[in-house]
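>>> got a predicted structure here, sequence first:
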Amino acid sequence: MSFTVALADPRWYGHHPTYFQEFTASLLRNKCDVLALCSGHEEIQKQVEENGTQDRVTVEPLKDRENSLLFPKREHDPINTLHRWTSVRNALLRAERRSGKKADLVFFPFLDSMLRFQVLPEAGMSKMLGRPWAGLYFRNHHFAHPDKKVMFIKGDHTMRANGCIAIGALDERYLSAMEDHAPRTPIFQWPDITNEEPAVESTPFSAEITALAKGRPIIGLIGLERRKGVHTLLKAATEDPRLKKYFFAFTGSFFPESYPPEELRFAETVAADIASGKIDNIYFKAEICRIPDGTEFNTLFSTFDIAYAAYEDFCGSSNTLTKASIFKRKLIATAGECVGKRVEKFALGETIPEGDSKAAADAIVSILENGDDAPEPRFDEYHAMHDRKQLDRAFARILGLIGQPKASRTRETITEAATPA
């Protein structure tokens, strides 16, 4: 049986384009038609035309408010959340009229932003949408210590709505706590997929990085939000004399608003020293320079000898691990949370205490100079858990729940439905 599924994501930065593109492709492989509601509609429309899937994918603009009306410098508040649901509803109706197809399901690739500060009763948003819905929950770490106030602010009561037929979560550690909170909603681990296009011999940017490295091993990072540990790695690269013989590639867009003043000054000083020639083993520019996922991103990533993934103030999953498993690049990660535990479990690299530049330097030296003594990385095993086949199976599970009465579900039937065939 074929279905029409609406994908709805009003954001278009970081992982959002990759996930939207991969989810669209997976639904097509699952024999679904897709109503693509997104703020990156021009990019998706171009891809649809290039792929010749215009008869199966209808693209409709979906915009989001960038800032909270009630809480300055934040993205979420009750007004914004209500606006997102009404915007999705309106975009859905437009797409249905244009395509002549009614959605059997609405799927939110980033469910978190649809729930936060959702203050209406659990059924309110479902009634507004008027369609069954499901979504991918990214930041579920607050379920480690469930607190009623926090869970209300997060909008977790909405997970219990009759209209919600399933939820996927990237971080497997808290699935049981989510199930306890919403016992009649199927909840299961979702693969942390990434774009898997093969790298090419070089692109202009990857060639530039390779030329600057001059044969030195490259420690690389793509995307320069503070949470990615940029400051810690910059300190290690500039302060530890052992690292002068390596090259550090800080690439992608820099987000100065995410840094405290002292860290921002340090980053600007490093950038100035690079520009003056004082530093010759670091590539870093404090500017916007988005590297789109796909051939360009993957080719750059493949030039790295080590991928830096020692995130700070971050608890969740990261598809950098999936990328590393594809291109077989060792990682440095922060110990203790989801990313660090996976790196240790699958021997994907080394872990360090959060924000510890000395430990980061030690890990770099250890991987590059003592790597032969390390356990064999289980790259292929990790990739098999987070590849496109697993994504297709995840969507197949959800599609199999369409039309099933939620009131009759028990924990046993939910577990059966969420288990791979």
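Here it is on my side, so go on. Numbers count the residues shown, from 1 in each chain.

>>> would you map the helices across the stretch 151-300 of the chain?
For the stretch 151-300 of the chain, the helices defined by DSSP state H, counting those that start in this stretch cover 175-181, 204-213, 230-239, 261-276, 295-302.

>>> which one of these lies closest to Val57?
Val57 lies closest, by CB to CB, to one member of those: helix 295-302, at 21.5 Å. For every residue, glycine as well, the C-beta is placed using N, CA and C.

>>> now do that closest one: distance to the chain's middle.
Offset of helix 295-302 from its chain centre (CA atoms, centre = their mean, to the nearest Å): 17 Å.

>>> strands paired with the helix or strand following it, and their directions?
Heading C-terminal from helix 295-302, the first helix or strand you meet, by DSSP states H and E, is strand 306-309. With DSSP bridges as the test, strand 306-309 is paired with strand 218-224 (parallel), strand 330-334 (parallel).

>>> would you indicate which residues of the first one are buried?
This means strand 218-224. By neighbour count on 16 or more other CB atoms under 10 Å, the buried set for strand 218-224 is 218-224.

>>> centre of the chain to stretch 111-119, how far?
Relative to its chain's centre, stretch 111-119 lies at 17 Å (CA atoms, centre = their mean).

>>> hang on, the earlier thing: in CSV: the helices of the stretch 151-300 of the chain, plus distance to Asp387.
Compiled in CSV, the helices of the stretch 151-300 of the chain are given as follows (distance: least, CB to CB, whole Å):
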stretch, distance to Asp387
helix 175-181, 20
helix 204-213, 24
helix 230-239, 28
helix 261-276, 35
helix 295-302, 14
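
>>> just checking, what packs against the longest helix seen in the chain?
When the chain is parsed with DSSP state H, its longest helix is helix 78-99. Using 3 or more CB pairs under 8 Å, 6 or more residues apart in numbering; DSSP states H and E, the elements in contact with helix 78-99 are strand 4-9, strand 33-38, strand 57-61, helix 112-115, helix 124-129.

>>> compare these and give me the one nearest Gly155.
Relative to Gly155, the nearest member of these by CB to CB is helix 112-115, separated by 3.3 Å.

>>> by mean pLDDT, flag the weakest helix or strand of the chain.
Within the chain, no helix or strand scores below helix 411-417, which has a mean of 49 by mean pLDDT, DSSP states H and E.

>>> what comes into contact with stretch 45-65?
With CB atoms under 8 Å, 6 or more residues apart in numbering as the test, stretch 45-65 has contacts from 8-11, 21, 24, 28, 33-39, 41, 44, 80, 83-84, 87-88, 91-92, 94-95, 98-99, 101, 113.

>>> gap between the two ends of stretch 127-134?
Criterion CA to CA, to the nearest Å; first-to-last residue distance in stretch 127-134 is 14 Å.

>>> tell me where the stretch 251-400 of the chain has strands.
282-283, 306-309, 330-334, 349-352 (DSSP state E, counting those that start in this stretch).

>>> ok, which of the strands paired with strand 306-309 comes nearest Phe284?
Closest to Phe284 of those is strand 218-224 (CB to CB; 8.1 Å).

>>> other residues contacting that closest one?
Residues from elsewhere that reach strand 218-224 (CB under 8 Å, 6+ apart): 14, 209-210, 228-230, 233, 237, 246-255, 291, 297, 300-301, 303-308, 332, 364.

>>> if any of those residues are buried, put those into a PyMOL selection.
A single PyMOL command selects the buried members of those (16+ other CB under 10 Å):
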select buried, resi 209+210+228+229+230+233+237+246+247+248+249+250+251+252+253+254+255+291+297+300+301+303+304+305+306+307+308+332+364
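
>>> pLDDT on stretch 157-175, on average?
For stretch 157-175, the mean per-residue pLDDT is 94.

>>> and that stretch, what's buried?
For stretch 157-175, the neighbour count (16+ other CB under 10 Å) marks 157-159, 161, 163-175 as buried.

>>> okay, that stretch in CSV with CA atoms only?
In CSV, the C-alpha atoms belonging to stretch 157-175 read as follows (Å, rounded to 0.1, in the frame of the first residue of the first chain):
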residue,chain,number,x,y,z
HIS,A,157,2.8,15.8,26.9
THR,A,158,2.1,16.2,23.2
MET,A,159,3.8,12.8,22.6
ARG,A,160,0.7,11.2,24.2
ALA,A,161,-1.7,12.7,21.7
ASN,A,162,-3.9,10.3,19.7
GLY,A,163,-2.7,12.0,16.5
CYS,A,164,1.0,11.0,17.3
ILE,A,165,1.5,7.5,15.9
ALA,A,166,5.3,7.1,16.6
ILE,A,167,8.5,8.9,17.7
GLY,A,168,12.0,8.2,16.7
ALA,A,169,14.9,9.3,19.0
LEU,A,170,18.6,9.4,18.1
ASP,A,171,20.0,8.9,21.6
GLU,A,172,19.1,5.4,22.6
ARG,A,173,19.9,5.9,26.3
TYR,A,174,16.5,7.3,27.2
LEU,A,175,14.1,5.4,25.1
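
>>> one step back: now, the buried residues of stretch 157-175 that are in strands?
In this view, the buried residues of stretch 157-175 that belong to strands under DSSP state E are 164-169.

>>> out of those residues, give me the two with the largest separation.
Pairwise distances across those peak at 14.9 Å for Ile165 and Ala169 (criterion: CB to CB).

>>> ok, back up a step: okay, the strands of the stretch 251-400 of the chain in a markdown table with mean pLDDT and distance to His142 next?
As requested, these are arranged in a markdown table below (pLDDT from 0 to 100; distance: least, CB to CB, whole Å):
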| stretch | mean pLDDT | distance to His142 |
| --- | --- | --- |
| strand 282-283 | 98 | 36 |
| strand 306-309 | 98 | 22 |
| strand 330-334 | 98 | 18 |
| strand 349-352 | 98 | 23 |
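
>>> deepest-packed of those, please.
strand 330-334 (a mean of 26; mean count of other CB atoms under 10 Å).

>>> now, of the contacts of stretch 45-65, which are buried?
Among those, those classed as buried by 16+ other CB under 10 Å are 8-11, 21, 24, 28, 33-39, 41, 44, 80, 83-84, 87-88, 91-92, 94-95, 99, 101, 113.

>>> Pro217 versus the spatially closest residue to Ser202 that is not a sequence neighbour, what's the distance?
Leaving aside its chain neighbours, Ser202 sits nearest to Thr299 (6.5 Å; criterion: CB to CB, 6 or more residues apart in numbering). Thr299 is 18 Å from Pro217, where distance means CB to CB, to the nearest Å.

>>> more neighbours: which of these two?
Neighbour totals were compared for Thr299 and Pro217, and Thr299 leads with 21 against 16 (other CB atoms under 10 Å).

>>> list the contacts for that one?
By CB under 8 Å, 6+ apart, Thr299 lies in contact with 199-203, 206.
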